[in-house]
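Novice: okay, sequence plus prediction incoming.
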Amino acid sequence: MTKRFRPEKAYKNLRFLNSDNARTIRILSEYLEPLSRLESQKVNSTVLFLGSARALPRGRKEILTPYYWQAEELAYRLAKWAMGVKTRGKSHVVCTGAGPGIMEAANRGARRAGGMSIGMNISIPHEQFPNPYIPPEMSFVFHYFFMRKFWLISKARAAVAFPGGYGTLDEVFEILTLLQAEKISKSKFRFFLYGKDYWKRALNLEFLLEAKAISPEDLDLFTPCNTPGEAFRLLKAHLTGGR
């Protein structure tokens with residue numbers, strides 16, 4: 001008796017799902033799966049922490065090391081306060097790119113406060129493993145950078161950019177561009193650059209202004225801050241509408 005051939009269902013065909021023809025399905029999956037998990041955890045809004053993956057928790061002469069602990073402290077204060085905010089679901093949840101350095105520090109601070117935090121990782125050639133302070137149910141990994149960026153910013157009411165390198169600069173300028181183009185609401189979202197001396201040296205915005213590459217009002221797209229206490233006060237004022 002001839003054995004009957006049973007074709008594989010399309011949604012179980014890994015060869016097809018990993019092909020160019022199924023790229024739209026993979027992109028859609030990176031939208032719908034995070035949406036489903038965030039809804040299941042009742043996440044209303046987030047505060048995004050950006051910064052260098054190379055910031056070490058220890059190092060006497062390391063420029064970035066103090067920022068690690070300042071990010072940890074700010075995330076701790078934010079998470080502790082946010083847990084007391086009475087809303088349906090979870091609001092102002094700490095969110096990071098899931099890696100080491102400043103990202104680890106922010107997830108670590110939220111964990112110390114007893115609060116939930118989110119980590120949104122990306123698959124890259126030099127594999128970046130999620131830091132150990134992210135709860136498994138809120139640990140994501142993306143293939144597409146643009147989908148990861150969408151979710152990093154989609155639910156954010158504010159973002160704090162700590163010192164960093166190329167990756168951080170990419171995120172900083174993308175947020176500034178979205179604000180400038182009014183793709184992000186300037187009234188609902190606020191952007192903070194943490195570490196005035198660092199950013200003054202890293203971003204020569206005065207030259208861009210002098211060259212008329214940006215307008216004077218473009219300097220108002222971000223708020224500089226320099227200590228966890230100052231940043232938390234400004235964040236809290238924004239998130240509570242100035243109350």
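Specialist: Perfect, thanks for sending it. This one's a predicted model, so the numbers in the text were calculated from it and none came from an experiment.
Novice: so where is this protein shaky, pLDDT-wise?
Specialist: 1, 127, 242-243 (pLDDT under 70).
Novice: for residue 203, list the residues it contacts.
Specialist: Residue 203 sits next to residue 172 when contact means C-beta atoms under 8 Å, 6 or more residues apart in numbering. No exception for glycine: its C-beta is placed from N, CA and C like everyone else's.
Novice: distance check, it against residue 235.
Specialist: The gap separating residue 203 from residue 235 is 21 Å, by C-beta to C-beta, to the nearest Å.
Novice: residue contacts, residue 80?
Specialist: 113, 114, 115.
Novice: dump the residues you listed to a markdown table, plus secondary structure and distance to residue 31.
Specialist: Compiled in a markdown table, the contacts of residue 80 are given as follows (DSSP: H, G, I helix; E, B strand; the rest coil; distance: C-beta to C-beta, whole Å):
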| residue | secondary structure | distance to residue 31 |
| --- | --- | --- |
| 113 | helix | 30 |
| 114 | coil | 31 |
| 115 | coil | 26 |
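Novice: and the residues you listed, which are buried?
Specialist: Burial of the contacts of residue 80 was assessed by neighbour count (16 or more other C-beta atoms under 10 Å); the buried members are 113, 115.
Novice: can you get me a residue count around residue 5?
Specialist: 5 (other C-beta atoms under 10 Å).
Novice: typo on my end, it should be residue 119
Specialist: 24.
Novice: for the host helix or strand of it, C-alpha coordinates in CSV please.
Specialist: Per DSSP states H and E, residue 119 falls inside strand 117-122. The C-alpha trace of strand 117-122 is given here as CSV (Å, rounded to 0.1, in the frame of the first residue of the first chain):
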residue,chain,number,x,y,z
SER,A,117,10.8,46.2,34.2
ILE,A,118,11.1,45.4,30.6
GLY,A,119,14.0,44.4,28.4
MET,A,120,13.9,44.5,24.6
ASN,A,121,17.0,42.8,23.2
ILE,A,122,18.2,42.6,19.6
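Novice: list the buried residues of the next helix or strand after that strand.
Specialist: Next helix or strand after strand 117-122 toward the C-terminus (DSSP H and E): strand 139-142. By 16+ other C-beta under 10 Å, the buried positions in strand 139-142 come out as 139, 140, 142.
Novice: how far off centre is strand 139-142?
Specialist: 12 Å (C-alpha atoms, centre = their mean, to the nearest Å).
Novice: which helices and strands does that strand pack with?
Specialist: helix 23-40, strand 117-122, helix 145-154 (3 or more C-beta pairs under 8 Å, 6 or more residues apart in numbering; DSSP states H and E).
Novice: any idea how many residues pack against residue 170?
Specialist: Residues within reach of residue 170, counting by other C-beta under 10 Å, total 14.
Novice: show the backbone phi and psi for residue 164.
Specialist: Per-residue torsions, residue 164: phi -170, psi -170 (degrees, to the nearest 10).
Novice: list the contacts for it?
Specialist: By C-beta under 8 Å, 6+ apart, the neighbours of residue 164 are 50, 51, 52, 53, 55, 101, 102.
Novice: recalculate using a threshold of 10 Å.
Specialist: By C-beta atoms under 10 Å, 6 or more residues apart in numbering, the contact set of residue 164 is 50-55, 64, 67, 101-103, 170-172, 195, 198, 202.
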